[in-house]
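> Need a 3D model of the following:
(4 chains)
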Protein chains: 2
Amino acid sequence: MEENQCLQNKKNMMAIQDSMDVLYGKWKISIISSICFYNKRRFSDILNDVVGISNKMLSKELKELETNKVITRTVLDTHPITVQYQLTEHGKSLQTIINNLTDWGIKHRLEIIGSSELLNIN
Amino acid sequence: MEENQCLQNKKNMMAIQDSMDVLYGKWKISIISSICFYNKRRFSDILNDVVGISNKMLSKELKELETNKVITRTVLDTHPITVQYQLTEHGKSLQTIINNLTDWGIKHRLEIIGSSELLNIN
DNA sequence: CAGTATCCAAAGGGATACTG
DNA sequence: CAGTATCCCTTTGGATACTG
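Numbers count the residues shown, from 1 in each chain, chains lettered A, B, ... in the order given. Below is the predicted model:
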């Protein structure tokens, strides 16, 4: 392999790791997706969308995403208060990735989960 | 919001969660990326590419990816033996996502990491 | 509603050493 | 080279209860 190509690959690996520092974990992508699909989303809505997450975890993950400027948090002056989460421009640039992951998930279900369901494994 | 749209969003959320069941964690995407960028990759090469991973973790993660039919494992008859990992067709369909994540990582560095480096925080 | 606080079990994962 | 095995500390995260 050419040396130039090799250098390029190393740069790419670094970029991937930068992305994953922000997005890794069981929940982050699902949370971002919830906000992305609905455009605006409240705390309890996300809690419902993301199957299995606890309020403690959701709270923690949302803070991290806010720190990384992926989402914004807005307190609405209702009674009781409501908090709305939205994607920043930076967060919105993840939309393509989310759409691709959605398509891949459907394909994956056909490829793996589907075939094991036929065998009654799940 | 329309009821149809709402149903569609729930389907999408399920698909995202199917994807994340396979891809979540600190290392999976980086491992797949390493194999993807280089086309074929040996155990020790991946160990070098993915900064910070231990051989124990790499071994575990590779097994899971093989189980999920994302990669294949081929033992080459060299002395000492070499093991080559490659993406399956199913795994190759992640290429677009990997390219997008690479671009996003570069943008993210400019957006967040870059600005804190200017302040000498890191 | 949108979180926080606390307890605590389970899993994650690093370091090191070892094997075919 | 490509892993496995073991030790053991750290982090994760569920359950439950509580607050403004």
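> Can you tell me which residue is spatially central in chain A?
Centre of chain A computed as the mean C-alpha position; nearest residue by C-alpha atoms, centre = their mean is A:Ile29, 1.4 Å away.
> and that residue, what does it touch?
A:Ile29 makes contact with A:23, A:98, A:101, B:16, B:19-20, B:24, according to C-beta atoms under 8 Å, 6 or more residues apart in numbering or on different chains. The C-beta positions use only the backbone N, C-alpha and C, and glycine is treated the same way.
> how about 7 Å then?
A:23, A:101, B:16, B:20 (C-beta atoms under 7 Å, 6 or more residues apart in numbering or on different chains).
> Could you check how far A:Asp45 is from A:Asn39?
11 Å (C-beta to C-beta, to the nearest Å).
> Likewise for A:Asn68?
Separation of A:Asn68 from A:Asn39 (C-beta to C-beta) stands at 20 Å.
> And those two? Which one has more around it.
Legend: neighbour count by other C-beta atoms under 10 Å in any protein chain shown for A:Asn68 and A:Asn39, higher for A:Asn68 (19 against 9).
> Could you tell me how far the more buried one is located from A:Ile32?
11 Å.
> Could you do A:Ala15 as well?
Taking C-beta to C-beta, one finds A:Ala15 at 18 Å from A:Ile32.
> So these two - more neighbours on which side?
Using other C-beta under 10 Å as the criterion, A:Ala15 and A:Ile32 rank with A:Ile32 on top: 26 against 20.
> Now do the same contact list for that one.
So A:Ile32 contacts A:65, A:70, A:91, A:94, A:98 (C-beta under 7 Å, 6+ apart).
> next one: A:Leu65
A:Leu65 neighbours (C-beta under 7 Å, 6+ apart): A:28, A:31-32, A:71.
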